[in-house]
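Engineer: I need the structure of the sequence given here:
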Amino acid sequence: MDVLSRLERLPLGRPHYRLLFLLGLGWALDAMDVGLISFTLPALSREFGLSPVQAGLLGSAGLLGMLLGASLGGRLADRSGRKAVVGYSLFLAGFGSLLTALAPGLGWVYLFRFLTGLGLGAELPVAASLMGEFSPRAHRGRMVVLLEAFWAVGWLLAALVGYLLVPGLGWRAAFLVGALPALYAAYLRLSLPESPRWLLAQGRLKEAEDVVAAWEKAFPHPLPPASPV
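Structural biologist: Take a look at the predicted model:
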């Protein structure tokens, strides 16, 4: 039985939900970072005396970075692997948020929000791809939708940070909290499995077999028969 058939026959279980949680937590932290600009923009406008046009451009800087990051993330994931892109893009997003909190002037805030968006844009579609490539075909859509549900969790976190921190501590404190993905990325890089589909495409059969074998150990035997992939 080939590696992908063995992966496909696994029922939904602990490894799938652990992967969902790991990717979902990163997804929620990304969403929090996107949402923070909405809850800090009034404070930023007051401090820098922004016009409505300038405020709109500042709110859009991260979105522009996400557009570019999303266009590059898929190519990088095909070249370097899903795990690497998810980890490094999360780190870039968190590092961009940290730099935003330390920005010495308005021009730097624009630049660092764009940098944050680059990381966010690259991470989100690759995380969804990784979730889909591990999920059984019959549950693939469900698992990706559950992953996307973490986006709402992130926006709730952004609202809480904006409500609790910005009035008393200012917008910089909010972006310091937004730097959490940089810390999480270090753990994520060690905990995520690489996609067996990507490993096979690279000719790394032994590594793909090791990943699938590790997942098979989490399920009782005998496993259900494989269906064609």
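Engineer: ok, for Glu123, nearest residue in space, not its chain neighbours?
Structural biologist: Ser89 (3.8 Å; Cβ to Cβ, 6 or more residues apart in numbering). All C-beta atoms are positioned from the backbone trio N, CA, C, and that covers glycine.
Engineer: if I read this right, Glu216 contacts Arg6, doesn't it?
Structural biologist: Yes. Contact between Glu216 and Arg6 holds when scored by Cβ atoms under 8 Å: they sit 6.7 Å apart.
Engineer: Comparing those two, which residue is more hemmed in?
Structural biologist: Arg6 (19 against 15; other Cβ atoms under 10 Å).
Engineer: if I read this right, the more buried one contacts Val211, doesn't it?
Structural biologist: No. In this structure Arg6 lies outside contact range of Val211 using Cβ under 8 Å: 10.4 Å.
Engineer: name the helices or strands packed onto the longest helix along the chain?
Structural biologist: For the chain, the helix with the greatest residue count under DSSP state H is helix 14-48. Secondary-structure packing of helix 14-48 (3 or more Cβ pairs under 8 Å, 6 or more residues apart in numbering; DSSP states H and E): helix 52-80, helix 82-101, helix 106-134, helix 140-164, helix 166-169, helix 171-178, helix 180-191.
Engineer: Identify each buried residue in stretch 136-156, please.
Structural biologist: In terms of neighbour count (16 or more other Cβ atoms under 10 Å), stretch 136-156 has its buried residues at Pro136, Met143, Val144, Leu146, Leu147, Glu148, Phe150, Trp151, Val153, Gly154, Trp155.
Engineer: quick one, what contacts Glu123?
Structural biologist: Gly26, Asp30, Gly69, Gly73, Val85, Val86, Ser89, Leu90, Ala93 (Cβ atoms under 8 Å, 6 or more residues apart in numbering).
Engineer: Show the pLDDT at the residue lying closest to the second one once chain neighbours are set aside.
Structural biologist: Here the nearest residue to Asp30 in space, its sequence neighbours aside, is Leu120; by Cβ to Cβ, 6+ apart that works out to 5.0 Å. The predicted local distance difference test score for Leu120 is 91.
Engineer: And for Leu120, the neighbour number?
Structural biologist: Leu120, neighbours per other Cβ under 10 Å, totals 30.
Engineer: Wait, it touches Met32, no?
Structural biologist: No. Using Cβ under 8 Å as the test, Leu120 is too far from Met32 to be in contact (10.5 Å).
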